[in-house]
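Enquirer: Task: produce atomic coordinates for the following.
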Amino acid sequence: MAKHETKTIEQVLEEASRYLNEEHTTFLRLAYEYAKEAHKGQVRKSGEDYIVHPVQVASILVELEMDPATIASGFLHDVIEDTGITFDDLSEEFGEEVASLVEGVTKLGKIKYKSKEEQQAENHRKMFIAMAKDIRVILIKLADRLHNIRTLDHLPEHKQRRIANETLEIFAPLAHRLGISTIKWELEDISLRYLNPQQYYRIVNLMKQKRDERVYYIEKVIDEINDQLNDVNISAEISGRPKHIYSIYRKMVHQKKDFNEIYDLLAVRVIVKSIKECYAVLGIIHTCWKPMPGRFKDYIAMPKPNLYQSLHTTVIGPKGDPLEVQIRTQDMHEIAEYGIAAHWAYKEGKGANNQENMSKQLAWFREILEWQSETNDAEEFMESLKVDFFSDMVYVFTPNGDVMELPSGSVPLDFAYRIHTEVGNKTVGAKVNGKIEPLDYKLKTGDIIEILTSKHSYGPSEDWLKITQTSQAKNKIKQFFKKQRREENVERGREMIEKELKNMDLSPKEVLVDENIENALGRFHLNTLEDLYAAVGYQGITAQQAANRLAEKIIQKERAVDLEDSIKEVQQEVETRRKKSRGVGVNVKGIDNLMIRLSKCCNPVPGDEIIGFITKGRGVSVHREDCPNIQHEDDTRLIEVEWETGHQQRKNYSVDLEISGFDRNGLLNEILQVVNESNTDIVAVTGKSDKNKMATINLTILIHNVDHLRRIVERIKHISDVFTVQRTIQ
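Expert: Numbers count the residues shown, from 1 in each chain. So this is what the prediction gives:
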């Protein structure tokens, strides 16, 4: 999938008409007109009309050749969340199928949560549940995220980093699990640009330096392969395979390799007509060039769980450099590029195909539905998902030769519970490659696992919770204890909660009143206090979580009193230090005579969104709202502050900038000249350059307000070979 320009509705419908009939494209135009009217008057951060975003989402879905209902949902995916349109309105206008897809993508925006993290986790949980019911939900969500991350430039830096990090943690692994490499690669590359711009541009620069040399080399290799295949009458499509920036970055970081040590920078892809020809081409390649030991992978005989199939081999190429060759059929190539979307790809009279393969690939989605009913906490659900589905994987075999995928670090017990709950509960031992191994043996790719069971087994041991790696296995073990030892768990849970409350200097009798119990039961989706005790007893909920929730209102009251005392303490001290508080240009809303100072860690300036933090004995410290040093502070000590009107031009404020770019003669001088021409004082300047000619320049300047700063930053960014300019936080 190429880097896309902004497409018009006419371009999108024209592309759709290549595989959809006139009735379908008319349906899509109606969806567009409906969305356009619903979003009328709304604009994006870039200033564009909001409808531009749904059109680009629909465009991505058209590239994947999705069915009309999915593309229509792409046009409409934000109308329930961002306009007055309801599910019933959509259902009446476009049918229940489209309405259900849109509802599945819609965030839980109208529900109030205690924290942003809890809200985001609940949003993801809802999305995964909807996705498990209809896979098209996640295809729409991936298209939505892809266009959003392409247009991150218009958001503040802290939001760029949050969205990019979430993309790498959730959405890129999802695209990988679904085999949609075209979307996965772009999500990863753009996310890296915002999370680690210096490394991103460094790799881009290194790739550019030898690009012409690599292109010439690949062309010679392709000519040689073509000549060899023509001799045996094999017709093939041969091309150079671009290496993606994030995959290079991962290898350099995780394998501690230098750029020049990455083997598959040079790669060729050969697409032929049949599986038989794939193996014939492999033989020819190995005849031409010597294969590197341990670098051959047969994903045709043993497909990846996301249905990816191809032959991979690395050979010593014409110049003695490692050369990776991938060999596959056209059908395999479509699945490699578009994954599960290739099975949903809509063709006239064809519809969704290859249902058996789809069923295999979506088996893990069905497990999500089972998990969510067993997990009370949305954040716990998301952590479980990251461990079980988005971590590195190992591939092991059953005695019958079936491949099973498990997270790296899994043990035989994880394997047993993945087969069936009763197999796990009755496990008494395990054979790995025909040899008895302990239950905490770490599985490796290629192991053949045989689980030994006994009908006389008394069930799992509590130690198994420490041994197992997957959330699925842990949940099944907890479920066993929950059912088998209810009374014992209730008593144990009662003791653990009361002990935790006493450790918090609270009386259990004072805490365990109806109001507090109802609050805790609602939070954990339980019915009675006995259920809460039982959940703590079998370790479904920790004693600390339960105690915190039970004592939540008492703690809030105590903190409110502490806050009032702190404010009084600061107000008293300010009488002797009032002069020091003048001149910073910030007021505390609703309170006078507070000592105020601007935090040195983030250096806020007029125009920044700011927040105050009440310190002990040092007044109110003012931070930028996106300052990481304030993100995890006690919320009860945060206080609203605002810039004084008319103060912005009367004072200079110190700001630290970090500028990265390609180190060339005169770069630093040009940057300093631009700053001086804007009548801005430079307090300090330092710089360094690494072996790859990447320069990092740190400037401390004095500015009046955020608009003044923005003008300087824009001028610096226009200097040739400057990659990034960002404010730094100590």
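Enquirer: Alpha carbons only: can I get the one helix or strand Leu146 maps to in CSV?
Expert: Taking DSSP states H and E as the criterion, Leu146 maps to helix 136-150. Taking C-alpha atoms only, helix 136-150 is exported to CSV below (Å, rounded to 0.1, in the frame of the first residue of the first chain):
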residue,chain,number,x,y,z
ARG,A,136,-14.7,-6.4,9.6
VAL,A,137,-14.9,-4.2,12.7
ILE,A,138,-11.1,-4.4,13.1
LEU,A,139,-10.5,-3.8,9.4
ILE,A,140,-12.4,-0.6,9.6
LYS,A,141,-10.6,0.3,12.9
LEU,A,142,-7.2,-0.4,11.3
ALA,A,143,-8.1,1.9,8.3
ASP,A,144,-9.2,4.6,10.7
ARG,A,145,-6.0,4.3,12.7
LEU,A,146,-3.9,4.3,9.5
HIS,A,147,-5.3,7.6,8.3
ASN,A,148,-5.1,9.2,11.8
ILE,A,149,-1.5,8.3,12.2
ARG,A,150,-0.7,9.6,8.7
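Enquirer: After that helix, which helix or strand is next? Please name it.
Expert: helix 157-166.
Enquirer: And the helices in the stretch 501-650 of the chain?
Expert: 508-511, 514-524, 529-537, 543-550, 552-581, 628-631 (DSSP state H, counting those that start in this stretch).
Enquirer: what's the spacing between Thr680 and Ile719?
Expert: 15 Å (Cβ to Cβ, to the nearest Å). For the C-beta atoms, the positions are set from N, CA and C on the backbone; glycine is no exception.
Enquirer: Settle it for me: which of these two has more neighbours?
Expert: Thr680 (19 against 16; other Cβ atoms under 10 Å).
Enquirer: pLDDT at that one, what is it?
Expert: Looking at Thr680, its pLDDT reads 86.
Enquirer: again with His39
Expert: 91.
Enquirer: got the buried residues for the helix holding Leu146?
Expert: Judged by neighbour count (16 or more other Cβ atoms under 10 Å), helix 136-150 contains these buried residues: 136-150.
Enquirer: Tell me the one of those nearest Glu644?
Expert: Asn148 (36.3 Å; Cβ to Cβ).
Enquirer: List the contacts of the closest one.
Expert: Shown in contact with Asn148 (Cβ atoms under 8 Å, 6 or more residues apart in numbering): 53, 163.
Enquirer: how far does stretch 417-435 stretch from start to finish?
Expert: End-to-end span of stretch 417-435 (Cα to Cα, to the nearest Å): 20 Å.
Enquirer: Mind listing residues that contact that stretch?
Expert: Contacts for stretch 417-435 (Cβ under 8 Å, 6+ apart): 398, 404, 406, 412-413, 415-416, 436-437, 439, 441, 443, 447-455, 457, 459-460, 468, 470, 472-473, 476-477, 479-480.
Enquirer: 6 Å instead?
Expert: 412, 416, 437, 447-454, 457, 459, 472-473, 476, 480 (Cβ atoms under 6 Å, 6 or more residues apart in numbering).
Enquirer: Buried subset of the residues you listed as a PyMOL selection?
Expert: In PyMOL, the members of the contacts of stretch 417-435 classed as buried (16+ other Cβ under 10 Å) are selected with the following command:
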select buried, resi 412+416+437+447+449+450+451+453+472+473+476+480
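Enquirer: Between the helices of the stretch 501-650 of the chain, which has the poorest mean confidence score?
Expert: Comparing mean pLDDT across the helices of the stretch 501-650 of the chain, the lowest value falls on helix 552-581: a mean of 58.
Enquirer: low-scoring stretches of the stretch 301-450 of the chain, by residue?
Expert: 305-306, 339-393, 403 (pLDDT under 70).
Enquirer: change it to 90
Expert: Applying pLDDT under 90 to the stretch 301-450 of the chain flags the ranges 301-309, 314-324, 331-410, 418-422, 425, 428, 433-434, 438-440, 443-448.
Enquirer: What segments of it are helices?
Expert: Going by DSSP H, counting those that start in this stretch, the stretch 301-450 of the chain shows helices at 330-338, 340-344, 355-361, 363-372, 378-389, 412-419, 421-425.
Enquirer: try the stretch 151-300 of the chain
Expert: 157-166, 172-177, 181-195, 197-209, 211-231, 245-254, 275-288.
Enquirer: Mean pLDDT and mean neighbour count added to those, as JSON lines?
Expert: Below are the helices of the stretch 151-300 of the chain laid out as JSON lines (pLDDT from 0 to 100; neighbours: other Cβ atoms under 10 Å):
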{"stretch": "helix 157-166", "mean pLDDT": "87", "mean neighbour count": "16"}
{"stretch": "helix 172-177", "mean pLDDT": "80", "mean neighbour count": "23"}
{"stretch": "helix 181-195", "mean pLDDT": "90", "mean neighbour count": "22"}
{"stretch": "helix 197-209", "mean pLDDT": "80", "mean neighbour count": "18"}
{"stretch": "helix 211-231", "mean pLDDT": "85", "mean neighbour count": "14"}
{"stretch": "helix 245-254", "mean pLDDT": "79", "mean neighbour count": "17"}
{"stretch": "helix 275-288", "mean pLDDT": "93", "mean neighbour count": "17"}
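Enquirer: Would you reformat these as TSV and include distance to Val685?
Expert: Shown next, in TSV, are those (distance: least, Cβ to Cβ, whole Å):
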stretch	distance to Val685
helix 157-166	22
helix 172-177	37
helix 181-195	26
helix 197-209	18
helix 211-231	33
helix 245-254	29
helix 275-288	54
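Enquirer: Before I go, just wanted to say thanks for your time.
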